[in-house]
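Visitor: give me coordinates for this.
(4 chains)
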Number of protein chains: 4
Amino acid sequence: MNFEELIQDVYLKIKSREDKGERASYIPELSNVDPKNFGVHISTINQVNFGIGNYNDKFSIQSISKVLALILAYRIVGDEIWDRVGVEPSGTAFNSLFQLEADKGIPRNPFLNGGAIVVSDILLSNLKNPKEDFIDFVRGISNNTTLEYSNSIAQSEKDVGYRNVALCNFIKSFGQIENEPSVILDFYYDLCSLEMSCKELSELFLFLANNGLGLQNNESILSESQSKRINALMQTCGFYDESGEFAFKVGLPGKSGVGGGIIAIHPDQYAIAVWSPKLNKKGNSYKGMMFLEEFTTRSELSLF
Amino acid sequence: MNFEELIQDVYLKIKSREDKGERASYIPELSNVDPKNFGVHISTINQVNFGIGNYNDKFSIQSISKVLALILAYRIVGDEIWDRVGVEPSGTAFNSLFQLEADKGIPRNPFLNGGAIVVSDILLSNLKNPKEDFIDFVRGISNNTTLEYSNSIAQSEKDVGYRNVALCNFIKSFGQIENEPSVILDFYYDLCSLEMSCKELSELFLFLANNGLGLQNNESILSESQSKRINALMQTCGFYDESGEFAFKVGLPGKSGVGGGIIAIHPDQYAIAVWSPKLNKKGNSYKGMMFLEEFTTRSELSLF
Amino acid sequence: MNFEELIQDVYLKIKSREDKGERASYIPELSNVDPKNFGVHISTINQVNFGIGNYNDKFSIQSISKVLALILAYRIVGDEIWDRVGVEPSGTAFNSLFQLEADKGIPRNPFLNGGAIVVSDILLSNLKNPKEDFIDFVRGISNNTTLEYSNSIAQSEKDVGYRNVALCNFIKSFGQIENEPSVILDFYYDLCSLEMSCKELSELFLFLANNGLGLQNNESILSESQSKRINALMQTCGFYDESGEFAFKVGLPGKSGVGGGIIAIHPDQYAIAVWSPKLNKKGNSYKGMMFLEEFTTRSELSLF
Amino acid sequence: MNFEELIQDVYLKIKSREDKGERASYIPELSNVDPKNFGVHISTINQVNFGIGNYNDKFSIQSISKVLALILAYRIVGDEIWDRVGVEPSGTAFNSLFQLEADKGIPRNPFLNGGAIVVSDILLSNLKNPKEDFIDFVRGISNNTTLEYSNSIAQSEKDVGYRNVALCNFIKSFGQIENEPSVILDFYYDLCSLEMSCKELSELFLFLANNGLGLQNNESILSESQSKRINALMQTCGFYDESGEFAFKVGLPGKSGVGGGIIAIHPDQYAIAVWSPKLNKKGNSYKGMMFLEEFTTRSELSLF
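Guide: Numbers count the residues shown, from 1 in each chain, chains lettered A, B, ... in the order given. Modelled structure (predicted):
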């Protein structure tokens, strides 16, 4: 069975299942999305491209942006970035302040909210026009000039982001942040408000399956070693305190967002994006997790 | 460059480096081992076998046994095992009691001491002659009848094992252990006292690179799915609170022991064992980590 | 209204109330006690002695013994005792291991189980015949040769004391205990098994209301300064994570036990003991707390 | 020896000792205060008033204001206040976020920064002109119309108050705060910026030694029961994670501030205020603690 048939098969099976998740309710704008949306798109390094369902609809990629922000910061400051943020799974929820107190303001990894806030701080200190420069970077590597932030999502998140204000100021109180918290958070909410479709996501992230090289022009987006490290980080830390479960069941590096999107990478093979808005209790897409588990099991293409 | 040359090259380079680690001091017997020992052995599914240095010397495999205990328990009770122990990285040290209190006695994963104690409890409840049955199982899959426990190591560890007594009784106080703590710990110390060489380790663990099938007789030791899951667990949890670092730098599933041994698996390719007794601050072999980082970097054979 | 009338009045009022507590269930022997028992006895420095209800029945004083053990150890080693155990409220439950990990095995105060275990360790290292010497000490200060340990209670507690085994070994793993855990715990369970009546308790503890001087022969049991410090400790730490609530509502130094007993001291005035076996969620006597709140409110004799 | 002589004696003794404390450095304005300031003032219910040293100099009372804010809120909303903030010692530092996460945004007590922020929120919701109404209240009970906030101190604290922004937003994220964090914090910094002398403090707080009755006009500021409860809270929680130590050594309810002030109450007897700017490691006045320990020891007037 080839990828197309398998994806179609698994898609239909999961589509018919009851969706026991709940849409993210803490961001008002996200709770208005139609919960029946369900899309999948794969892009392979052999140029196979296949989508099904709402694979062309744009959604809020939310925390998936944390990978893009990390990639840009990694390109700019190199391994110095690891002085500011760790590479270990945290064993705690994405917005916990617990370990930050013990670790004196150094977030355990860049995919926790605290970690992404530190990465945003690094970008702010290193970019001339942070908001424009970031989206230019993302447009560049995806060869897609239509990508946009969603101001309404950014504003919606900002209005209720007390926990993020707490995280950012807490880290600042340890002297681990350079810029003003309100400036960092405005930028952070912009990053998280990026809207992309499954198709755009899988095309964008394909370079991580290709040792850091863009597929279209063979341009190096990250070095081979950097690309491997980003994948390793997504493997161990991409799903908050469900990262072990995802490695265990799906077996691929990946990253989820509370908009219901998930991107997963099979090094040397493909990038696959799934979108279904309802989330499980850990904040990861309920059907998205199910789809990927079934897909990697049946394709026998887990990393392990 | 083939594996033999590459291993030789990396081995000599790392051998000449200063060893900034320290031997495990809390187990008296382990602090007597010659710190200059350094051995490596690889076994590939294509039947390449190559060793260098002290690859034939036996050492105390310690926590690497936790993988073997898990495999045997997984064979016996199947997925019910995950009701008793989690699959998430803990973000804490190997012998921390911290999360156990919050999680009411369910260890985060089977490679923490608490988790391995629960796995030992499961084995005790399911084996007729636990000590004999376990070593028979290990001898069977490694086709090596000479493997033995070290009574002196087991006794040495038992004499100072207050933290493990605390862990075991703490879990028991939550009703998450069936047998008597002293019986479990005696068994647990036996498991950890297994002695093997790098050669024996890489041969033994090769089936995890082969989807659960033993190489010699094609016998299924674990199902393909179970084998992948053990690898995933080693990827996310094999190195305590340095698991992220290991994934980041080495990029392979693996497991370390305080005897200075490390086993790492490249699915579909090979198993490699390294031994050097001095440990870094996280309790993992200092030179072992270095060797594997350099080896996977230069072989361009990280998973990611 | 004098003490007799007031106690009688409050006693009858509280007796008629519904008892929403539960007997301690984790120690089998304690769950057999008749839950309707309810006794009160006061002893004043002006020689008033008055009891009501089951004030003459003996019960298991449990953690109230921790005060007696502390007093004996304080007499023997003086202020050096505070190198081994703190004087701060913990903010956690009586048997939590949480802070012990952060504090490297130094219990926050001597009334936590961990703290009492350290005090027991100190007594073991300083007494010739610990079990006999301790009860001789208690008999001496209470001028009552009939006081006895209950072997069945001690054994009953020992049989299920996994959490205490964990605590003791955990502290030992930090090097903060000298003797063998099993020896310490045997002694600790003996201490906690002491049986006394409300009358005996209030008579015994009266010296703490008298600046450390025994009432009968004016013998100094503790120095004035030591006596004040024991009272201060009971004020801030005597009721686990309900100590603030007790100070807030009752306003006297005191100590509770899971047998349902409470002793409270009004410096320069009296000692009062209450017994009612059913406990609230924090492990303190439900009706005992109620009685003391009403009694101090109506007598206008809180410390504050 | 009467109070005057004793205070003079102890004052001179402590004055000559080396001051091993450090001024609060995190609030720039506070680090400019002359560290040699040292004043004491006592006010008794028998109308004794006596001061020595810099007892008439105003200083920033900082956290001592938390007691005043609590008193005003307690007057307004009564016992409902305890639904929003606890009465237990926390066992952690004054600005820890640790327990707040476990307790879902309910601060352990009103003298932690988090607790005082919740009290400020209550005042904001219940006062027409919070800033004016609060100082009017304080002026009223102290019969002193000259009391003022210090704008420069409030601004100085605000400029570096990242930890407080974190605390306030963290509590808000649990829905435990009604008003906007920035508004609450502005008000909170105003409260903490109150400037008073030792003389003014001891006169102001004397009503807590008098069962809630103002001395001058016998007006009830708090009910007797409320007054006792405020004292009980100061006893168990007034000195952050040094509250047990203070009860142990000084034996009086009290409250400290990082400006170096301490107020202590002896119910039915007196209120005493001490000021010395250098702080010990727990954030309490180094010489202030020493003075009070020596004073209560020699006056034999600890509560216990």
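Visitor: excluding chain neighbours, what is closest to residue A:201?
Guide: Nearest residue to residue A:201, sequence neighbours excluded (C-beta to C-beta, 6 or more residues apart in numbering or on different chains): residue A:273, at 3.8 Å. Yep, even glycine has a C-beta here, placed from its N, CA and C like the rest.
Visitor: whoops, residue A:155 was the one
Guide: According to C-beta to C-beta, 6+ apart, the nearest residue to residue A:155 is residue A:189 (7.8 Å).
Visitor: with residue A:158 instead?
Guide: Nearest one to residue A:158, counting by C-beta to C-beta, 6+ apart, is residue A:189 at 5.0 Å.
Visitor: so the one you found makes contact with residue A:152?
Guide: No - the pair residue A:189 / residue A:152 is not scored as a contact, 11.2 Å apart, by C-beta atoms under 8 Å.
Visitor: so which of those two has more stuff around it?
Guide: Using other C-beta atoms under 10 Å in any protein chain shown as the criterion, residue A:189 and residue A:152 rank with residue A:189 on top: 22 against 12.
Visitor: which pLDDT value goes with that one?
Guide: You'll see residue A:189 listed with a pLDDT of 97.
Visitor: likewise residue A:300?
Guide: 81.
Visitor: for it, grab the count of nearby residues.
Guide: Using other C-beta under 10 Å: residue A:300 sits among 10 other residues.
Visitor: buried residues in stretch A:277-295?
Guide: A:277-280, A:282-295 (16 or more other C-beta atoms under 10 Å in any protein chain shown).
Visitor: show me the helices in the stretch 151-300 of chain A, by range?
Guide: For the stretch 151-300 of chain A, applying DSSP state H, counting those that start in this stretch gives helices covering A:151-159, A:162-173, A:181-192, A:198-205, A:224-237, A:243-249, A:286-299.
Visitor: Serialize those to a markdown table and add fields for distance to residue B:114.
Guide: A markdown table is the format used below for the helices of the stretch 151-300 of chain A (distance: least, C-beta to C-beta, whole Å):
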| stretch | distance to residue B:114 |
| --- | --- |
| helix A:151-159 | 38 |
| helix A:162-173 | 29 |
| helix A:181-192 | 36 |
| helix A:198-205 | 37 |
| helix A:224-237 | 20 |
| helix A:243-249 | 15 |
| helix A:286-299 | 27 |
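Visitor: of those helices, which is nearest residue A:21?
Guide: Across the helices of the stretch 151-300 of chain A, residue A:21 has its closest neighbour in helix A:286-299 (3.0 Å, C-beta to C-beta).
Visitor: for chain A, which residue gets nearest to chain C?
Guide: residue A:102 (8.5 Å; C-beta to the nearest C-beta).
Visitor: and the gap between that residue and residue A:181?
Guide: 21 Å (C-beta to C-beta, to the nearest Å).
Visitor: who has more neighbours, these two?
Guide: residue A:181 (25 against 12).
Visitor: isn't the more buried one up against residue A:168?
Guide: Yes - in this structure, residue A:181 is within contact of residue A:168 by C-beta under 8 Å, at 4.3 Å.
Visitor: from chain D, how far out is whatever residue of the stretch 51-200 of chain A ends up closest to chain B?
Guide: Using C-beta to the nearest C-beta, the closest approach of the stretch 51-200 of chain A to chain B is made by residue A:91 at 3.2 Å. Separation of residue A:91 from chain D (C-beta to the nearest C-beta, to the nearest Å) stands at 14 Å.
Visitor: helix or strand with the lowest mean pLDDT in chain A?
Guide: None of the helices or strands of chain A scores lower by mean pLDDT, DSSP states H and E than helix A:98-102, at a mean of 80.
Visitor: chain D contacts on chain A?
Guide: A:96-98, A:101, A:162-163, A:165-170, A:172-173, A:181 (C-beta under 8 Å from any C-beta of the partner chain).
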